[in-house]
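Participant: build me a structure from this.
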Amino acid sequence: MIDKLSEDMKKLVLLGIGAAALTAEKSKELIDELVKKGELSIEQGKVLNEELKHRVRETIADAKETTARQRMEKLQEQVKQLSKEELEALKDLIAQQENTTTDEE
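Facilitator: Next up is the predicted model:
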C-alpha cells in the first residue's frame, strides 16, 4: 500500500515538472518569435526568459513541497489504520533501515 502511494506521488511530481517544463519551452518559443518579429528587443526577451526560468523553478519547488506534505499526510493516515501487528512490523522495518543507514555512514 505504501509502495503504491510512493509511485503515485512520484508520478504526480513528474507530471507537474513535465507540465512546467513544457510551459516554459512554449513560452520561450513565443518570446523568441516576438524578438524575431521585432515586437520585443533582444534585451527584453532575455529579461522575460530569465523571469520565466525563475517562475518555473519556483513552481517546481512549490510542487515538490506540496507533494511531500501530501505524501506525509497520507502516510500518517495509513499508519493510523494499521493493526497492532502491522505497526510492530513497520517499527521493525524502520529500525532495520536506521541500522542500515547508520552502517553506511
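
Participant: buried set for stretch 89-105?
Facilitator: Under the neighbour-count criterion of 16 or more other Cβ atoms under 10 Å, stretch 89-105 has nothing buried. (C-beta placed from N, C-alpha, C; glycine too.)

Participant: cool, and stretch 11-29?
Facilitator: Judged by neighbour count using 16+ other Cβ under 10 Å, the buried positions of stretch 11-29 are Val13, Gly16, Ala20, Ala24, Ser27, Lys28.

Participant: looking at the residues you listed, which is nearest Lys74?
Facilitator: Using Cβ to Cβ, the shortest approach to Lys74 within the buried residues of stretch 11-29 belongs to Val13, at 13.8 Å.

Participant: so which of the buried residues of stretch 11-29 belong to strands?
Facilitator: Using DSSP state E, no member of these falls in strands.

Participant: what packs against whichever strand or helix holds Thr66?
Facilitator: Take DSSP states H and E as the rule and Thr66 turns out to sit in helix 42-80. Judged by 3 or more Cβ pairs under 8 Å, 6 or more residues apart in numbering; DSSP states H and E, helix 42-80 is in contact with helix 2-37.

Participant: helix or strand: which one has Asn99?
Facilitator: Residue-wise, Asn99 maps onto helix 84-104 under DSSP H and E.

Participant: and that helix with helix 42-80, angle?
Facilitator: If you take axes from the mean of the first three to the mean of the last three Cα atoms, to 10 degrees, helix 84-104 sits at 130 degrees to helix 42-80.

Participant: Glu85 and Lys74: what is the separation?
Facilitator: When distance is defined by Cβ to Cβ, to the nearest Å, Glu85 is 21 Å away from Lys74.
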